[in-house]
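**Q** Sharing a model that was predicted from the sequence below.
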Amino acid sequence: MKPRRGLVLVVLAALLVAAVVADRLPRRGDGTVVRAVRGSTGPQAARSSALSSSWYCPGGTAATGGGADVTVAVANPGTRALSGTITVLVQQGPPKVTSFTVGAASVHAVGLASLVNAPWAGAVVDMTGGGAVVEQRVAGPQGEDISPCSSTASRHWYFAAGSTAKDAQLSLLLLNPFPDSAIVDLSFATTEGFRSPGDYQGLVVPGGSLQVIDIGAHVRRQDDVSTAVSVRAGRLAAGQVLIRTAPGVAGLSGVVGAPALGRTWWFPDGLVADGVTEKFEVFNPASSEAKVEVALTLDQGDAEPFELTVPAQGRVTLVANSEARVPKGVAHSAVVRSANGVPVVVQRSVEATTPRLGRADTVGGTGTARRWAFALGAATDAVDEWVIVYNPSSFPATVSFAGLAGGQRIAIDGLQGIAVPAGRRQAFRLSDHIKRDPLPLVVDATQPVVVERAVYVVGGAGVSSSVGIPLD
């Protein structure tokens, strides 16, 4: 009886610990537990069998002349309709809740300015089921940008790229969907070193609100800025909006940050050309030096990898245009790895003046998958959309594309069973195969791959590039 009694005591103790941990998990007002994905540096769709799922979109502006008006889109690749709510959070004022239903193989999109009138607004998307993906678009006079929303709340957020240079407005968006306030500390890395301004320590983000921080108010006139968000109490989601108006660098970018550091970052797309400047921004907020390798896979020829040393609590920018080993006009993919095991965060920044016009800041992918999805995008005479597939495996992959349109999964002609060789990339221009707006998309592969989407506004300002969202 003694061993059995001991086992019972151990089980009871374990249950008590589990109860305490569960009681401390972040909950929203309805009591729903929100679980963070440990170690994830990107969004991921909940399994289609999940009873519920949530997404967090830090947002943009939601008032006339805001400069970065935000639209939230929910794509459902599944075979059954999903219902849910969109809760819009603002800096001051109560949340605005609206219900929606998105059918099977369909998309539901809403501009937040149609629901609220506020300088800035973000959204929480809650669904009764899994399998859907959510993205946000910001659009204004300087262009537009698309980014996946976050499938997790976190105590840490990182942004490798940013600027507070003249004619640049850099805004940090802190979205707290939970009933309790979050306490936040902000730190920044520039060419002048690492700093934690006193005014940005112990910031209070009330529950059920969106707070927007003007980074340029304390980190002034810096061409390159990396940001670290550390939450002392609570959890939240963080995004960043950069508006540049100076000739030659004008553009609008809006990204959701990385909720964790990583040792490998994938970028399927890349190009150096006259009128296109490509930068790899590497941020190391850790207390140890990071040795980083940037390896390019060229469509033609080879390039020796770049070896970078990123100091502790520092940042490094690799300007691809300044490197002779990166040929102009030859597309490439990139893999950025930590050679000494110190995790970092990496973004790719693209500034285009001709023939494209705009700016795109892309958070790299941190894993591979056989199924990827995109909620936003279009292939028309006015919008040029490309999808780039990189196959890092040792085996060839076969990929197929399908659009989601009004309850039907449309196999896109000419994009079925396409071979992507091992260790290579392949780019596909969707308007050569289909004309549709909107065009939510699913990409299926026979091997784990990384998929990126690039969207360009034809004849106007707008450059967007983002890694897709893995499906279960």
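**A** Nice, thanks for sending it over.
**Q** Any idea how many residues pack against Gly341?
**A** Per other Cβ atoms under 10 Å, the neighbour tally for Gly341 reads 10. Where you see a C-beta, it was placed from the backbone N, CA and C, and this is true even at glycine.
**Q** Would you agree it falls within a helix?
**A** No - under DSSP: H, G, I helix; E, B strand; the rest coil, Gly341 sits outside any helix and is assigned coil.
**Q** how near is it to Gly262?
**A** Applying Cβ to Cβ, to the nearest Å, the value for Gly341 to Gly262 is 11 Å.
**Q** Show the average pLDDT along stretch 458-471.
**A** The pLDDT scores in stretch 458-471 average 95.
**Q** from the middle of its chain, how far away would it be?
**A** Put simply, stretch 458-471 sits 11 Å off its chain's centre (Cα atoms, centre = their mean, to the nearest Å).
**Q** Quickly list the domain ranges of this structure.
**A** Split into domains by automatic domain parsing, the chain comes to 53-148, 156-256.
**Q** Include distance to Val282, mean pLDDT and mean neighbour count when you put those domains into TSV, please.
**A** Putting the domains of the chain into TSV (distance: least, Cβ to Cβ, whole Å; pLDDT from 0 to 100; neighbours: other Cβ atoms under 10 Å) gives the following:
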stretch	distance to Val282	mean pLDDT	mean neighbour count
domain 53-148	20	96	21
domain 156-256	6	95	20
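**Q** can you put those in a markdown table and add distance to Arg47?
**A** Below are the domains of the chain laid out as a markdown table (distance: least, Cβ to Cβ, whole Å):
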| stretch | distance to Arg47 |
| --- | --- |
| domain 53-148 | 5 |
| domain 156-256 | 21 |
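**Q** and Gly329, which of those is closest to it?
**A** Among those, the nearest to Gly329 by Cβ to Cβ is domain 156-256 (20.1 Å).
**Q** end-to-end on the closest one?
**A** The stretch domain 156-256 measures 12 Å between its terminal residues, going by Cα to Cα, to the nearest Å.
**Q** ditto for stretch 109-122
**A** End to end - Cα to Cα - stretch 109-122 spans 14 Å.
**Q** Contacts for that stretch, please.
**A** The contact list for stretch 109-122 (Cβ atoms under 8 Å, 6 or more residues apart in numbering) reads 56-64, 66, 69-74, 86, 88-91, 93, 96, 98, 100, 123, 171, 173, 175, 210, 212, 237, 239, 375-376, 438.
**Q** in the stretch 101-250 of the chain, which spans are strands?
**A** Under the criterion DSSP state E, counting those that start in this stretch, the stretch 101-250 of the chain carries strands at the ranges 106-111, 118-127, 133-140, 143-148, 156-159, 168-176, 182-190, 193-195, 203-205, 209-214, 226-233, 237-244.
**Q** What pairs with the longest strand along the chain, parallel or antiparallel?
**A** Using DSSP state E to define each element, the chain has its longest strand at strand 441-457. Using DSSP bridges, strand 441-457 pairs in its sheet with strand 369-374 (antiparallel), strand 383-391 (antiparallel), strand 397-405 (antiparallel), strand 463-467 (antiparallel).
**Q** Just the CA coordinates for that strand, please, in PDB.
**A** C-alpha atoms of strand 441-457 as PDB (Å, rounded to 0.1, in the frame of the first residue of the first chain):
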ATOM      1  CA  LEU A 441      -4.400  30.700 -52.200                       C
ATOM      2  CA  VAL A 442      -3.300  27.300 -51.000                       C
ATOM      3  CA  VAL A 443       0.000  25.700 -52.100                       C
ATOM      4  CA  ASP A 444       0.500  22.000 -51.700                       C
ATOM      5  CA  ALA A 445       3.900  20.200 -51.900                       C
ATOM      6  CA  THR A 446       5.100  16.700 -51.800                       C
ATOM      7  CA  GLN A 447       8.200  17.700 -49.800                       C
ATOM      8  CA  PRO A 448       8.600  20.300 -47.000                       C
ATOM      9  CA  VAL A 449       9.200  23.700 -48.700                       C
ATOM     10  CA  VAL A 450       9.100  27.400 -47.800                       C
ATOM     11  CA  VAL A 451       6.700  29.600 -49.800                       C
ATOM     12  CA  GLU A 452       6.700  33.400 -50.200                       C
ATOM     13  CA  ARG A 453       4.300  35.700 -51.900                       C
ATOM     14  CA  ALA A 454       5.200  39.000 -53.600                       C
ATOM     15  CA  VAL A 455       2.500  41.500 -54.600                       C
ATOM     16  CA  TYR A 456       3.100  44.600 -56.700                       C
ATOM     17  CA  VAL A 457       0.800  47.500 -57.600                       C
END
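**Q** ok now it, how far from the chain's centre?
**A** Counting by Cα atoms, centre = their mean, strand 441-457 comes out at 14 Å from the chain centroid.
**Q** For that strand, buried residues please.
**A** Residues of strand 441-457 classed as buried by neighbour count (16 or more other Cβ atoms under 10 Å): 441-443, 445-457.
**Q** what do you get for stretch 399-414?
**A** Neighbour counts over stretch 399-414 (16+ other Cβ under 10 Å) mark 399, 401-405, 410, 412 as buried.
**Q** Any idea what Thr398 is bridged to?
**A** Counting by DSSP bridges, Thr398 forms beta bridges with Ala419.
**Q** show me what contacts it?
**A** 417-420, 445-447.
**Q** What's the separation between it and Asp432?
**A** 19 Å.
**Q** Now do the nearest residue to Leu89 once chain neighbours are set aside against Leu236, distance only.
**A** In this structure, Leu89 finds its nearest non-sequential neighbour in Leu210, 4.5 Å apart by Cβ to Cβ, 6 or more residues apart in numbering. Noted for Leu210: a distance of 10 Å to Leu236, by Cβ to Cβ.
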